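In: structure, please.
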Amino acid sequence: MIEFMEEANQKSKLSFSTKFFYGFGSISFGIKNNGFSYFVLFVYVFVFGLPAWMAGLALNLILVADAFTDPLVGYYSDRLRSKWGRRHPFMYAAAIPVTLSFYFLWSPPDNLTNLELFFYLLICATIIRVFITFYEIPSIALGPELTDNYVERTSLMSYRYFFGWFGGLTTYNLVWWYYAPKYETEIYTSGRFNPDLWPEWGLVAAILIFLGIVVTSLGTHKHIPNLIEPPKRKKKEIPEGFNNISIFNRTLKFNLPLPKNLKLSLSGVTVYLLKFILYVVLIWIISNVLRIFGFILASFLPFWIKSLQKTEFFLRSLFKEVAETLTINRSYKFLFFCGLLVSVAGGIEAAFAVIFDSYFWELDDNEMLIRGTSIYLAPIIAIFLAPMLSDKFGKKQTVLSIWAFQIIFAALPFALRYLDLTYGTSLFPTNDSPYLLPVLCIHVVINVAAGIIVFSTMGSMIMDLVEDIQLETGRREEGILFSARTFADKAVSGFGLTLAGVILTFIAFPDNTQIREIYNGTVPSEILADLALWYVPICIVAFGAALIMVRGYTLSRDEHEENIANPDTKVWKGD
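Out: Just a heads-up that it's a prediction; the model follows:
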């Protein structure tokens, strides 16, 4: 048995070209994420003149599209039968729509009204998010099928993070390296405010997105014959008695359940509270709103009741399968809730990043560019260390150890500066010190490298759960497992951004006009100290709680080796 597993592991090791082609396409996702995180809101508000509330509303409405497309793409990319396999038809279909819509996002027609510009942003951004989902979820779901090797899966994920960071950093830095200086004029002393910059930048970014999608799709195409094929779907008949539970039976009933199995431990209480939030959102609110909607629709359109119930039965069956896949495995549930907490903290970090750079550290454009360029070292370090550490210490222990270090290390400069501002100590270089920039560069490289190691390892931990869950359900559903994580991350990160706004309001952080006209371009040290006092504990608590969730992951390396040696993981046996 041991010899068989060693031989299987040896066969499942991947060539550099396979890892390269699997990871390269992440430049597309990295560019899209970077554009949406740092530029879309800024460009539409400060360059194109859309009111901030309208731009924010448009970007939040996109989550409605994500709520449908993420799980549906995951579900159907697991079940599609075609000569190009389960994943590649979606990946190829994404290339042109994403490329064109990303370019047009940065090139709105002139003289649009605010309402027209709002809908232009909404439509372009929705198309981008929908079709990048067509690419990202099926492409990442290829990983567990390309190899079942414990260490190689971590290596695969580290390649994805490497190229994702590389693509995002490059397009971000291009603005400061090349485009901003090029488009400086007498009117636009800072080129980033020049509307002519963004169509050219958008064209280059769109071409890179197209290359990423096409290169990965073509580069992994040769593996299609070796991938698992799902069985033909059997048509399910509506069972007797379904009318009694249908929302279209013209009977209005409300449902207000509570989660069960509260365990009196820190992790148990945390999981229960998160479950309660999900119950309130998904069952108390959404479920009962649907019941009201169904009651009204069935009352006004009684001749459509049978057709509506057929659709409802299909969606209920789909949801039941998805829910079973996502809830049947204890380790996956812990990683899922871990991801929610990370997204909240990540939203806060993203919201405060520019504020800290501009007012806490007072970095100028050149210093920000130098520090941004230094980050290129981080994914290079991580691509080698992540699989090495996973092999030597195991994935769970790697995540627990590196993440515990990274949480404290990430907060250290802010905590030290808080002490300096509050108590007059000199624990961290001052903003006029020549040592500040080198220290911040070293800090960001180590911090980002540690983060990439943690999250690429956690990605491979989800890969390892594919077989564990398959042995329980009989279904091979990588797409569903990854799509649930990605949607939850996108949805909850918005809460982090909102919380950041509340904190800024609570500490009375001044706006740009007040900073310029009242405080002569600087923020009072008392307000900066208050910002650090809120930021450091919240991030440590949120990331620390996420770290605790990882302790609930129980799949060991030996158990994974037993799973992949089981022939039942090589075929789709479930319905």
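
In: which residues touch N563?
Out: Contact analysis of N563 by CB atoms under 8 Å, 6 or more residues apart in numbering lists 464, 467-468, 471, 569. Every C-beta, even on glycine, is put in place using the N, C-alpha and C of the backbone.

In: if you set the cut-off to 7 Å instead, what comes out?
Out: N563 sits next to 467-468, 471, 569 when contact means CB atoms under 7 Å, 6 or more residues apart in numbering.

In: try T133
Out: 69-70, 73.

In: looking at those, which one is closest to P537?
Out: Set against P537, the nearest of those by CB to CB is D70 (31.9 Å).

In: help me confirm that the closest one comes into contact with F487.
Out: Yes - assessed by CB atoms under 7 Å, D70 is found in contact with F487 at 3.8 Å.

In: neighbour-wise, which of these two wins?
Out: Taking other CB atoms under 10 Å, D70 and F487 do not tie; D70 has more neighbours (28 against 21).

In: any quick ChimeraX command for the buried ones out of the contacts of N563?
Out: Remark: buried members of those, expressed as a ChimeraX selection using 16 or more other CB atoms under 10 Å:
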select :467,468,569
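
In: and which of the contacts of N563 is nearest to F163?
Out: Nearest to F163 among these is E467, at 25.9 Å by CB to CB.

In: give me the pLDDT for the closest one.
Out: E467 is assigned 94 on the pLDDT scale.

In: which SS class is it?
Out: Three-state call for E467 (DSSP: H, G, I helix; E, B strand; the rest coil): helix.

In: thought it was touching A565?
Out: No - here E467 lies out of contact with A565, judged by CB under 7 Å, at a distance of 9.8 Å.

In: quick one: low-confidence ranges for the chain?
Out: Within the chain, the stretches with pLDDT under 70 are 1-12, 67, 254-257, 281-284, 490-498, 512-513, 573-575.

In: can you pull the domain assignment for it?
Out: 12-227, 331-575 (automatic domain parsing).

In: in CSV: those domains, plus distance to S265.
Out: As requested, these are exported to CSV (distance: least, CB to CB, whole Å):
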stretch, distance to S265
domain 12-227, 29
domain 331-575, 10
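
In: out of these, the one nearest Y272 is which?
Out: Between Y272 and the domains of the chain, the shortest separation by CB to CB is 10.5 Å, and it involves domain 331-575.

In: determine how far the closest one lies from the middle of the whole chain.
Out: 12 Å (CA atoms, centre = their mean, to the nearest Å).

In: stretch 260-269 now?
Out: When C-alpha coordinates are averaged (CA atoms, centre = their mean), stretch 260-269 and its chain have centres 27 Å apart.

In: in it, which residues are buried?
Out: Neighbour-count burial for stretch 260-269 flags S267 (criterion: 16+ other CB under 10 Å).

In: neighbours around L80, how many?
Out: Using other CB under 10 Å: L80 sits among 18 other residues.

In: ok, now L301?
Out: Quick note: L301 (other CB under 10 Å) scores 12 neighbours.

In: which other helices and strands contact the helix or strand that contains M157?
Out: M157 is part of helix 150-174, with elements assigned from DSSP states H and E. Packing partners of helix 150-174 (3 or more CB pairs under 7 Å, 6 or more residues apart in numbering; DSSP states H and E): helix 16-24, helix 26-34, helix 143-146, helix 197-219, helix 365-374, helix 377-393, helix 436-473.

In: tell me which of these sits most buried.
Out: Of the helices and strands packed on helix 150-174, the one with the most neighbours on average (mean count of other CB atoms under 10 Å) is helix 26-34, at a mean of 25.

In: all set, thanks.
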